[in-house]
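A.B. asks: let's see this in three dimensions:
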Amino acid sequence: MRAAARRLIEHVLLWLGLGYLGVMCLAWVPVAMLLHPLLPAAAARRFGRRMIMAGFRSYTGFLAAIGACRFDLAALDALRGAGPLILAPNHPSLLDAVMLISRLPDVACIMKAGLMDNLFLGAGARLARYIRNDAPLSMVIGASEELAAGSQLLVFPEGTRTTRLPVNPLLSSVALIARRARVPVQAIFIETASPYLTKGWPLLRRPDMPVTYRVRLGARFDPPGDVPAFMHALERHFATELAHVPLPALPSANRAAVASNS
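C.D. replies: Numbers count the residues shown, from 1 in each chain. Purely as a prediction, here's the structure:
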């Protein structure tokens, strides 16, 4: 009986969390669509990013308040006022960008073009002047311009959520942007033992709660001269730092990917 009651409560918490996020996004979409053509680009960028930060902070606070999640994100506060940086975290779950942006007021994100065009998510991203990833050269140029303007840039070097523990092979785009913009790369480690919202986890599948997340800062790398050497050092840093962290069991959909990579 206790186990059944616990499962029921966790289902309720799952739906409460998704409902809160859905209502928040739906309320923001018409406002963002209205403001996009009206505000100057700089004002839209600043306002859009601060509103996204406030919304994500409200969302993580709500998840913590209802007991669905526990977040330890205090390490990110050291990056406020740190100037232009490329923020390079590992990518275990769909909540990763939410957690990082919830603590930082001027983050430019590189987003999949499909999400930028999505009616539900795209309006706020376009207002905040996030960067599309469908054209590599324009993506690198746009990212460099954001860094030159003083923003911090969020890039997931794995390119997608982790399918090979502890970290996927890293993509060189992070080094190319850092070299062009001449800014450092800050490694960030997101730690969780839960498989919730990892690659292959259905959105409506209930996890064991509370889901616990901890974020900590890694090394800060100078802009690279040698891109392959830089990427080797960055990937080794991730593999070393995450090797002794309790990691989630991958959903079955990922185990085939792991086997194909081994």
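A.B. asks: okay, the nearest residue to Leu76 once chain neighbours are set aside and Ile52: tell me how far apart.
C.D. replies: Among residues not flanking Leu76 along the chain, Arg103 sits closest, at 4.0 Å (C-beta to C-beta, 6 or more residues apart in numbering). (Each C-beta comes from the backbone N, C-alpha and C, glycine too.) Counting by C-beta to C-beta, to the nearest Å, the gap from Arg103 to Ile52 is 12 Å.
A.B. asks: who has more neighbours, those two?
C.D. replies: Ile52 (24 against 21; other C-beta atoms under 10 Å).
A.B. asks: per-residue confidence for the more buried one?
C.D. replies: Confidence at Ile52, expressed as pLDDT, is 96.
A.B. asks: also Thr60?
C.D. replies: Here the pLDDT value assigned to Thr60 is 98.
A.B. asks: so where does it fall, helix or strand?
C.D. replies: Using DSSP states H and E, Thr60 maps to helix 41-65.
A.B. asks: other residues contacting the strand or helix carrying Glu241?
C.D. replies: Under the criterion of DSSP H and E, Glu241 resides in helix 227-242. For helix 227-242, the external contacting residues (C-beta atoms under 8 Å, 6 or more residues apart in numbering) are 88, 90, 157, 166-167, 169-170, 172, 174-176, 178-179, 185, 187, 189, 191, 218-219, 221, 224.
A.B. asks: quick one on the thing from earlier: residues touching the helix holding Thr60, excluding its own?
C.D. replies: Contacts of helix 41-65 with the rest of the structure, by C-beta under 8 Å, 6+ apart, involve 17, 20-21, 24, 28, 32, 35-36, 39, 69-71, 73, 98-99, 101-108, 124, 127-129.
A.B. asks: separation between Asn133 and Ala97?
C.D. replies: Asn133 is 13 Å from Ala97, by C-beta to C-beta.
A.B. asks: out of these two, which sits in the more crowded spot?
C.D. replies: Neighbour count, other C-beta under 10 Å: between Asn133 and Ala97, Asn133 has more, with 21 against 18.
A.B. asks: show the pLDDT at the more buried one.
C.D. replies: In this prediction Asn133 is given a pLDDT of 87.
A.B. asks: which stretches of this structure form strands?
C.D. replies: Assigned by DSSP state E, the chain shows strands spanning 69-72, 86-89, 107-111, 131-132, 152-154, 185-191, 211-221.
A.B. asks: need those in a markdown table (columns: mean neighbour count and distance to Arg45).
C.D. replies: Formatted as a markdown table, those follow (neighbours: other C-beta atoms under 10 Å; distance: least, C-beta to C-beta, whole Å):
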| stretch | mean neighbour count | distance to Arg45 |
| --- | --- | --- |
| strand 69-72 | 18 | 26 |
| strand 86-89 | 25 | 17 |
| strand 107-111 | 23 | 8 |
| strand 131-132 | 20 | 11 |
| strand 152-154 | 24 | 13 |
| strand 185-191 | 21 | 21 |
| strand 211-221 | 17 | 25 |
